[in-house]
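Novice: mind looking at a prediction? Sequence and model below.
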Amino acid sequence: MILFVWVLSFFGQIPEKQDTVSLSEIEVNAAVLERYSQGQKQITWKKEDLALVGSQSLGELLSAQSPVFIREYGPGMLASPSFRGTSAGHTAIFWNGMPLNSPSLGQSDLSLLPVFAFESASLHFGSNGALIGNEAIGGSLHLNSENKFDQGSEFSFTQEIGSFGQSNTQLKGSFSSKKFYSQTKFYRHFTENNFSFRNLALPETPIQKQHHARVNQQGIVQDLAWKITENKKLKTALWYHDADREIQPPMGSSTQDQQQDQSLRWVLDYERYGDKSTIQLKTGFIAENQIFNESLNRTKQFILGAEWDYQAHEHWFFHLGTRFTHQTGELSTYQALDQRAELFQSVKFEPSEKLDIALNLRQIAYSERIQPWIPSLGLGWTFWENRSQELKLNLSGGKGFKVPTLNDRFWSPGGNPDLLPENSWTSEAGLEWKSGTLEQSLTGYYMNVDNWIIWLPQGNVWSPENIRKVRSEGIEYQGKVFFKTGEITWTNLWQYSLNRAVSIRGISENDPSLGKQLPYTPQHQANFSIKAHYRAFYLFAQNTFTGKRNVTADNPRTLDAFSLSDLALGCSGFQLGDLKIPVQFRIQNLFNTEYQVLYLRPMPGRSYHINLSIQL
């Protein structure tokens, strides 16, 4: 709070008028994350990167192209992320700055977030509750729209068909002038999921066909933006998603569960950018309905926020903000209301082009509780550089936190309103090396998560308690290179991660899980991809490796490691007059590998897909 008052008193309020505009709209949209997250590892997918996987879900993208482990209950079923050994509720997910995690569950289902719905995505690793907010213990994921003015009109239609009854349809139309932008997207993703699998739960493990696993998803996304003046912009986005799923039963089970998920998300931003400052006002709401076997659960979130970014000097940058969140839940066993207020501030000192240091602070109040200030500190230093190479050191440390969910506090019977927030401390150090078109990075991290909430039996009722303490440490290596051989352009990317996540405090001194790797947390993961581009044609291949996973906390059973390969051949567009027709043929699970991500949850073998687009 002292920093907040000092900055306001010293620099005053933002001027009413500015003569020049030096901060671009792109900088405004990404100012906080990019400017104040020094020292932290990040992975970014741009629009052209997402185009290769436009028919897939966010869970499929992360599983193939990141070190984040995705706990997938079957194709199109619940998919939740695990950052550096943390749980799904320890990953904060945002869409255009709006938090997507469910107020009742504290997590998001990545299978319900199609890549087609947004234009860019970025991963931020490590605990950074000071900059990101609630739930950013393992990391955070940011999905964003894109507003480009003066681009005229564009239209595209994409149809994909594939094995196991898959059919994906996507429509996109946009129009923009110098002051107005509009883009509309519609999608429908359907699959029967009638693949064959070996049923390990039956004698002699017969080959059977999967039944009761149909998935039908559809949605619409609308983006609008107006340039009110040269330094004022208003933008809004609406996203409606509807999913109807037959819940795939585990091997040996004949359950016939059904689930419908409906979500409506809306956000409105006002941006004003001037010579040395920007101001952003944000409001929005998210309404979600989930019907599981005719049991209806509803949650709503309303967000109101304001942020101010100011360049006080050539070397000093300041950011101030506040956010108010109103949540309600109407679930099968309870009704609840929760309100939160947050105050956050950041300072960046940039003494030279090669060194920058950022300090972030955040305070949150909820349910008549005020949490202490949450800090993070990061440094980026390019300490060696010549004409063709550079070495950069990244250092960061910070605290993360997670407010107990509505279910944790209010579930009846068993909810515990006295739960403390889960919290973490993370330190991270990394080296980045660039040499021409070759880039490599090595990151090491250490994290402690305390007050980890677990549900325990209390007589005949299960109730949550702040019991577990977890230590997670590891290294992450990644690289990429671009080069040419004749007319062929090659792009190679590779990643490897080693993670050791163990419980160091359990429910008792004799807890058999103490010192053992957390369930469904592979120690080893790796992925590799290569793309060869020749004129309008390309060949894309990728391979992912997932190490063995423990099924339970005391580790008596493990799942085998597995490796999956995909291959795609495509053309970026045949030209027929004004029409451009991209086409792609893709094989997933090229070598027909039998594997399980989770115990007794069957996954499909080799599948074939053809994708055809018409662009105008």
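Specialist: Yes, it's here.

Novice: give me the below-cutoff pLDDT ranges for this protein.
Specialist: Applying pLDDT under 70 to the chain flags the ranges 1-31.

Novice: next, give phi and psi for Phe116.
Specialist: Note on Phe116: backbone dihedrals following degrees, to the nearest 10 are phi -60, psi -20.

Novice: likewise Thr521?
Specialist: Thr521 adopts backbone torsions of phi -130, psi 90, taken as degrees, to the nearest 10.

Novice: separation between it and Ser295?
Specialist: Using CB to CB, to the nearest Å, Thr521 is found at 31 Å from Ser295. Every residue, glycine included, has its C-beta placed from N, CA and C.

Novice: and these two? Which one has more around it.
Specialist: Neighbour totals were compared for Thr521 and Ser295, and Thr521 leads with 22 against 11 (other CB atoms under 10 Å).

Novice: now do that one against Thr158, distance only.
Specialist: Relative to Thr158, Thr521 is positioned 36 Å away (CB to CB).

Novice: kindly report the same for Ser254.
Specialist: Ser254 is 37 Å from Thr158, by CB to CB.

Novice: and if you look at Gly152?
Specialist: 20 Å.

Novice: among the two, which residue is more densely surrounded?
Specialist: Taking other CB under 10 Å, Gly152 and Thr158 do not tie; Thr158 has more neighbours (20 against 8).

Novice: partner residues bridging that one?
Specialist: Bridge pairing for Thr158 (DSSP bridges) gives the partners Gln170, Ser613.

Novice: hmm, who's touching stretch 34-43?
Specialist: Outside stretch 34-43, the residues within contact range by CB atoms under 8 Å, 6 or more residues apart in numbering are 65-66, 122-126, 128, 131, 309, 317, 319, 346, 348, 356-358, 360, 377-380, 394-396, 428, 430, 441, 443, 476, 478.

Novice: now it, how far from the centre of its chain.
Specialist: When distances are taken as CA atoms, centre = their mean, to the nearest Å, stretch 34-43 is centred 15 Å away from the chain's centroid.

Novice: check which residues of that stretch are buried.
Specialist: Judged by neighbour count (16 or more other CB atoms under 10 Å), stretch 34-43 contains these buried residues: Arg35, Tyr36, Ser37, Gln38, Gly39, Gln40, Lys41, Ile43.

Novice: do stretch 268-276 as well
Specialist: So for stretch 268-276, counting by 16+ other CB under 10 Å, buried means Leu268, Asp269, Tyr270, Glu271, Arg272, Tyr273, Gly274, Lys276.

Novice: can you count the residues close to Thr325?
Specialist: 21.

Novice: tell me which stretches of the stretch 501-616 of the chain form strands.
Specialist: Assigned by DSSP state E, counting those that start in this stretch, the strands in the stretch 501-616 of the chain fall at 524-534, 537-546, 549-550, 558-559, 562-576, 579-588, 607-615.

Novice: quick one: Lys516 from Asp418, how far?
Specialist: 29 Å.

Novice: of these two, who's got more company?
Specialist: Lys516 (17 against 8).

Novice: show me the contacts for the more buried one.
Specialist: By CB under 8 Å, 6+ apart, Lys516 lies in contact with Val502, Ser503, Asn550, Ala553, Asp554, Asn555.

Novice: farthest-separated two in the residues you listed?
Specialist: Val502 and Asp554 (12.2 Å; CB to CB).

Novice: now the spatially most central residue of the chain. Nearest residue, chain neighbours left out?
Specialist: The centroid of the chain falls nearest to Leu141 when counting by CA atoms, centre = their mean (2.9 Å). Nearest non-adjacent residue to Leu141, counting by CB to CB, 6 or more residues apart in numbering: Ile93, 4.7 Å away.
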